[in-house]
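I need the structure of the sequence given here:
(chains A, B, C and D)
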Protein chains: 2
Amino acid sequence: MSAPDRLTIGELAARSGLATSALRYYEDLGLIHAERTAGGQRRYPRPTLRRLAFIRAARQVGLSLDEVRAALAELPADRTPNATEWAKVARSWQRRIDAHIESLRALRDRLTGCIGCGCLSLTKCALYNPSDQAATKGPGARYLLGDTPPRPRER
Amino acid sequence: MSAPDRLTIGELAARSGLATSALRYYEDLGLIHAERTAGGQRRYPRPTLRRLAFIRAARQVGLSLDEVRAALAELPADRTPNATEWAKVARSWQRRIDAHIESLRALRDRLTGCIGCGCLSLTKCALYNPSDQAATKGPGARYLLGDTPPRPRER
DNA sequence: GCTTGACTTCAAGTTCGCTTGAAGTTGCAG
DNA sequence: CTGCAACTTCAAGCGAACTTGAAGTCAAGC
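Prediction:
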């Protein structure tokens, strides 16, 4: 028992499932913060675990570490966030996740429809449809992409 | 009208939203294939557009290009896939997408629950719960991660 | 038949998200 | 107080997914 209220980098790594090198890297990027012992070793406050869980979740939804940093800027660095702070961030996350789910659902539904109709109705099934259908709509018409915007250069 | 039945790399780029350099890269990797003119220029059969839409979709669901290549190996390279071939691939995709959606839904539901309860019930709300709760469960106990397995080294 | 833009290859460069290694320091258990 | 694992920094390396640039070739409109 007796959860230590400061974690070493090794402990944090074990708990979060991340490598210590990744944790140092995250610190360099300003995603997490550590106090130091007299000898210079890192000691992490426990809320860091929650922060890391957040980072993981964010990555799963497709954010870059830089975007995560921006998102995390709304939470206090070393203090446990209070209910209001948390709720604000959590809500914006929900929107993001919902949007992501929605785009995946759209993708899946197209596939489902395609299977359902046996892909024989060429006028109906977007996926199986030959691309001359797209050609009549001019450049940029694309199937399967749903709400995904074109991104010739995404970085 | 009159959709050309062979596309230049520039046309394919315009239609797919990808850069020509990316298309050549994909060809190097064996994801797509082109015929050549007498002069050596690429000419893509139209089904390539569908292939590209697939690649995009796959990337969105988190596959690497290498995994995509494996997935695409089930489809004929230059011929329009028939209903059976398509259905087979589409079904395996649905499973993948569904799994992805499910994990996102789980993540969102945790957030939702957290907001719903105002994050005041420390024993109930996993997200807002301080990490000493996790500590009592031993190393590896993590919140927010849901069905995501630990992956200290994920490549 | 010439011009011009779109194409060709190939090598090198870039960004992201880390990991690895070297060389040295700290902190705790015995 | 010693020994040793766990820590420290810093620089370099890596794999994925492309992009950029150079130097040259092709194809299509006038």
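
C-alpha from now on. contacts and neighbour counts both.
OK.

so the longest helix anywhere in chain A versus helix B:83-116, what angle?
Of all the segments of type helix in chain A, defined by DSSP state H, the longest one is helix A:83-116. Here helix A:83-116 points in a direction 160 degrees away from that of helix B:83-116 (axes from the mean of the first three to the mean of the last three Cα atoms, to 10 degrees).

helix A:83-116 - contacts with which helices or strands?
Helix A:83-116 sits against helix B:83-116, with contacts defined as 3 or more Cα pairs under 8 Å, 6 or more residues apart in numbering or on different chains; DSSP states H and E.

would you map the helices across chain A?
A:9-16, A:20-29, A:47-60, A:65-72, A:83-116, A:132-135.

got the residues of chain A near DNA strand C?
Within chain A, the positions lying close to DNA strand C (Cα under 7 Å from any atom of the strand) are A:18-22, A:25, A:37-41, A:63-66, A:155.

what two of the residues you listed have the greatest distance between them?
For these, with distances taken as Cα to Cα, the pair at the greatest spread is A:38 and A:155 (41.4 Å).

neighbour count: the two, which is higher?
Relative neighbour count places residue A:38 above the other of residue A:38 and residue A:155, with 7 against 4, counting by other Cα atoms under 10 Å in any protein chain shown.

so in chain A, which strand runs the longest?
Using DSSP state E to define each element, chain A has its longest strand at strand A:42-45.

that one pairs with which strands, parallel or anti?
strand A:6-7 (antiparallel), strand A:35-36 (antiparallel) (DSSP bridges).

most packed of those?
Between those, strand A:6-7 has the highest mean count of neighbours, a mean of 18, where neighbours are mean count of other Cα atoms under 10 Å in any protein chain shown.

what is the rounded mean pLDDT of it?
Strand A:6-7 shows a mean pLDDT of 95.

among the strands paired with strand A:42-45, which comes closest to residue A:13?
Distances from residue A:13 to each of the strands paired with strand A:42-45 were compared using Cα to Cα; the minimum, 9.4 Å, belongs to strand A:6-7.

and residue A:57, how far from residue A:20?
19 Å (Cα to Cα, to the nearest Å).

likewise for residue A:72?
20 Å.

who has more neighbours out of residue A:57 and residue A:20?
Using other Cα under 10 Å, the more surrounded residue of residue A:57 and residue A:20 is residue A:57, with 22 against 18.
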